[in-house]
Structures are given as structure tokens and as C-alpha cells.
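>>> sharing a model prediction with you, sequence too.
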Amino acid sequence: MSGVNAALDLEHEFVVQPSDVTAVAGSATTLQCRPPASFPPANVTWYKDGELLEPSARRRSSFPAAEVEGSGDLRFVEVQLTDDGRYVCVASNELAGRVRLSSAPATLTVLGTAEISR
């Protein structure tokens, strides 16, 4: 791309790709994702097991109670067993001709809380 369009290019690699994370249920955890630089900044969305994580859907039992931070990270305040799954970060820029770039998948493994046996 050349000229003004060069600033909209999303054809570069992610600065930080998500990586596998193991967390204990009830704890806070984050899946990192830093998309390549673009102007305007890329819009970051996340998919869990192939389904888009929409803000209004995150409170349903099949979706995590999580939020996408400005950096692109997906932050779980209290990760639950139902959050266990395979996640993909997608960066898009509508001004770059609907360019979309997907990260490598990362697996979030959620372990149950330890029980004390008597």
C-alpha cells in the first residue's frame, strides 16, 4: 500500500499473540493480544470456541464475564469453569477496506478450586 493507505495496513504480525493460560476458578486472569499498529487503531474482538464474544452476551453462562481492554487484552475479573475454551483475537480496521487479521488460538484452562478433605 502507498500514501495514506499505508497507515491503514493491518497486514503485519500481531505485536503480542495470545498464549495458553491456566487459571484457578474465581481468580483474575488475562489473555493478551496486541494487534499491529494501524490508523485509526484496530478494533479488537475475541472469539471463544468459534463464537463471537459480544458485550451483551458475556453475562450468559456460555460466555465469559470479561472485558476487552483498550490494549486488546481480554481480562477476566473472576474466571469460571465455563470460561474454559479456545480463544482467538481478531483485529479489524473498517477504513482499510474491512481488513481482518486473526491471532493464533490460545487455550484458557480453568481449574476448579481446591477442596479440603477431612
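Perfect, thanks for sending it. Numbers count the residues shown, from 1 in each chain.

>>> mind listing what's buried in the lowest-mean-pLDDT helix or strand in the chain?
Lowest by mean pLDDT, DSSP states H and E among the helices and strands of the chain is strand 99-102, with a mean of 85. Buried residues in strand 99-102, defined by neighbour count with 16 or more other C-beta atoms under 10 Å: 99, 101. Every residue, glycine included, has its C-beta placed from N, CA and C.

>>> how far does it sit from its chain's centre?
Averaging C-alpha positions (C-alpha atoms, centre = their mean, to the nearest Å) puts strand 99-102 13 Å from its chain's average.

>>> partners of that strand in the sheet?
Next to strand 99-102 in the sheet, as set by DSSP bridges, lie strand 85-93 (antiparallel).

>>> any idea of the mean pLDDT in the partner strand?
Here strand 85-93 scores 93 as its mean pLDDT.

>>> can I get the next helix or strand after the least confident helix or strand of the chain in PDB? Just the C-alpha atoms.
Counting by DSSP states H and E, the next helix or strand C-terminal to strand 99-102 is strand 106-111. Coordinates of each C-alpha in strand 106-111 appear next as PDB, following Å, rounded to 0.1, in the frame of the first residue of the first chain:
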ATOM      1  CA  ALA A 106      -4.900 -19.800  22.800                       C
ATOM      2  CA  THR A 107      -6.400 -22.200  25.200                       C
ATOM      3  CA  LEU A 108      -7.700 -21.000  28.600                       C
ATOM      4  CA  THR A 109      -7.800 -23.900  31.000                       C
ATOM      5  CA  VAL A 110      -9.800 -23.200  34.200                       C
ATOM      6  CA  LEU A 111      -9.100 -25.400  37.200                       C
END
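
>>> other SSEs contacting strand 106-111?
Applying 3 or more C-beta pairs under 8 Å, 6 or more residues apart in numbering; DSSP states H and E, one finds that strand 106-111 contacts strand 21-24, strand 29-31, strand 85-93.

>>> for the first one, the distance to its chain's centre please.
The reference is to strand 21-24. 15 Å.

>>> offset the numbering so it begins at 140, please.
Taking 140 as the first residue, the last one we looked at is strand 160-163.
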